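Undergrad: next come a sequence and a model predicted from it.
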Amino acid sequence: MKYSQVQNFINGQFVDTASSESLPVISPLDGMLLSAVPLSVQSDLDDAVAAAKKAFAAWSKTPIKERVQVFFKYKFLLEKHLDELAKLCSEENGKTYSESVAEIEKCIELTEFATSLPQLVTGEVLEVSRGVECRTEHVALGVVASIVPFNFPAMVPNWTIPNAIALGNCMILKPSEKVPLSCGLIAQLLKEAGLPDGVFNIVHGNDKMVNAICDHPGIEAVSFVGSTKVAKLVYQRATIHLKRCLALGGAKNHLLVLPDAIASMTAQNVVASMSGCAGQRCMAAGAMIGVGNIDHIIDKICEEARKVMPGKNLGAVINKASKERIEKYITEAETQGAKILVDGRNATVDGKENGSYVGPTVIDFVTPQMSVATEEIFGPVISIMRTNTVDEALTIENASPYGNAASVFTQNGAMARYIIDRASAGMIGVNVGVPVPREPFSFGGWNESKFGVGDITGKSSIQFWTKLRKSTVKWNAEAGVNWMS
Ligand code: NAD
């Protein structure tokens, strides 16, 4: 085992769990055994919640301008440890080093946003009647939890950590059991940045720990990012216990390509979107709908896809089971009559025979009913459908139960606007393959890609991580009693 067993992080210390159960942590790059992650038990969670609750008393009373000083230092430390964090992130997740660097850079941007929160959370005050003032303030919720997926070991935790904590909450993070290592380094950096003990805690585990979090009476709010199946379970379980919950789910994102699109730019964007992070992004392009004759663009897409090489500019998928699942989808589409233009099955990388690689795969002549058209594959695969009109393409896009992202490639502004208005997705791109809104804009999909109100990042996160205090104040007795006294 390359690293020692992963530990929980409770009250500012790395501690062993009370459990004797653990799971192996295996690098998808080469199959190396990296570590073991504990399957923590209820008493571990109870300890973390107690530590967070204790810390909350002082942390929530610390003025926000003081609280964000920790995040100015944390941002500096992320920059200082960028290389170390990026290497760890690649090792446990399988993405390329440059993708991990981009991930850590995004963590820095997220932290930068959190440092601006004092400018954004000012309340309001108005003299609503003679001598009577109404005032609003954003107040921290208490102990909150963040449950995260495997595909961004550092970025998704940082969607929630800086904002929730800068806004005065204390947090329990439950990392993905597949990638538990990066979070340990994040905890160290937060401590070094001066975050008081107990404000940030990590409890490792799998579905049982997620259920324990949803059920825990000491936790006020739960944010979740992962698959739609689990997002639904978590949303239902957390809200049944009357907790605030925001649960982001999976996706099947459609790219609509029109014949007037700039072929080379479109091809580069399509391929980057479907193959970046080995297609394991909730913003990845999973389906493309060509409207009219776009053969010349598909040729270029294949040309671009062939430049994407496993082990070079394409990372691994998370594990062998995932590789098998993805390849099964491709074979099924082929059997059903689709044409595999670029075939990523059976990919191997010399010297990394135990890695889990799938090459870029372009499937043409897919029909809207095929599972490669409707289901989230979560691999470097794009399924191309063809229609004669934009409205037919929109009908296919609108029929998806998901609604994270959609993009259109065209040079026609009016047509782009038409599609923006009609696509059923929370994040829309025009000539952009991965339309992630950057801070201060918020991140969040629609339909079955998100359950709950508001978005997880940016300004929208303020609403989720705080409650509003409304106070009505009157000191001037001489104004007498009026209807609102
Ligand atoms: P997952 O749903 O399997 O796991 C996410 C978290 O839930 C993990 O911490 C895991 O331990 C826990 N979990 C797994 N099964 C559970 C169960 N039955 N009950 C309770 N908890 C359970 O997701 P994943 O495979 O880690 O991540 C990939 C998925 O996440 C994809 O569907 C992807 O689209 C989605 N994702 C969505 C977004 C978004 O912003 N919408 C962002 C990143 C990833």
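TA: Yep, that arrived.

Undergrad: may I ask which helix or strand encompasses the residue in the stretch 251-400 of the chain that the ligand sits nearest to?
TA: Relative to the ligand, the nearest point of the stretch 251-400 of the chain is Cys282 (3.2 Å; CB to the nearest ligand atom). To be clear about C-beta, it is placed using only N, CA and C from the backbone, and glycine gets the same treatment. Assessed by DSSP states H and E, Cys282 sits outside every helix and strand.

Undergrad: and it, its phi and psi?
TA: Backbone torsions of Cys282, given as degrees, to the nearest 10, read phi -70, psi -10.

Undergrad: ok, the one 3 residues further on next?
TA: Listed backbone geometry of Ala285 is phi -80, psi 120, with angles given as degrees, to the nearest 10.

Undergrad: what residues does this structure put near the ligand?
TA: Counting by CB under 6 Å from any ligand atom, the positions of the chain adjacent to the ligand are 147-151, 156, 174, 176-177, 206-207, 210, 225-227, 230, 233, 248-251, 282, 376, 378, 404, 445, 449.

Undergrad: and the strands in the stretch 351-485 of the chain?
TA: Per DSSP state E, counting those that start in this stretch, the stretch 351-485 of the chain carries strands over the ranges 361-364, 381-387, 405-409, 427-430, 450-451, 466-474.

Undergrad: helices and strands of this structure: which one bottoms out on pLDDT?
TA: Using mean pLDDT, DSSP states H and E, strand 125-129 stands out as the lowest-scoring helix or strand of the chain, at a mean of 92.

Undergrad: parallel or antiparallel, which strands does it pair with?
TA: Partner strands and pairing direction for strand 125-129 (DSSP bridges) are strand 132-140 (antiparallel).

Undergrad: let me know the angle separating the strand it pairs with from strand 466-474.
TA: Angle of strand 132-140 versus strand 466-474, following axes from the mean of the first three to the mean of the last three CA atoms, to 10 degrees, is 160 degrees.

Undergrad: what packs against whichever helix or strand comes after strand 132-140?
TA: Downstream of strand 132-140, the next assigned helix or strand under DSSP H and E is strand 143-147. The contact analysis (3 or more CB pairs under 8 Å, 6 or more residues apart in numbering; DSSP states H and E) places strand 143-147 against helix 42-59, helix 155-166, strand 170-174, helix 207-215, strand 221-225.

Undergrad: pull the longest one out as PDB, backbone CA atoms only.
TA: Extracted in PDB, the C-alpha atoms of helix 42-59 (Å, rounded to 0.1, in the frame of the first residue of the first chain):
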ATOM      1  CA  GLN A  42     -22.300   6.000  13.900                       C
ATOM      2  CA  SER A  43     -20.000   6.900  16.900                       C
ATOM      3  CA  ASP A  44     -17.500   8.500  14.400                       C
ATOM      4  CA  LEU A  45     -20.200  10.700  13.000                       C
ATOM      5  CA  ASP A  46     -21.500  11.500  16.500                       C
ATOM      6  CA  ASP A  47     -18.000  12.600  17.500                       C
ATOM      7  CA  ALA A  48     -17.700  14.800  14.300                       C
ATOM      8  CA  VAL A  49     -21.100  16.400  14.900                       C
ATOM      9  CA  ALA A  50     -20.300  17.100  18.500                       C
ATOM     10  CA  ALA A  51     -17.000  18.700  17.600                       C
ATOM     11  CA  ALA A  52     -18.700  20.800  14.900                       C
ATOM     12  CA  LYS A  53     -21.500  21.800  17.200                       C
ATOM     13  CA  LYS A  54     -19.000  22.900  19.900                       C
ATOM     14  CA  ALA A  55     -17.000  24.900  17.300                       C
ATOM     15  CA  PHE A  56     -20.100  26.500  15.900                       C
ATOM     16  CA  ALA A  57     -20.700  28.600  19.000                       C
ATOM     17  CA  ALA A  58     -17.500  30.700  18.500                       C
ATOM     18  CA  TRP A  59     -17.200  30.400  14.700                       C
END
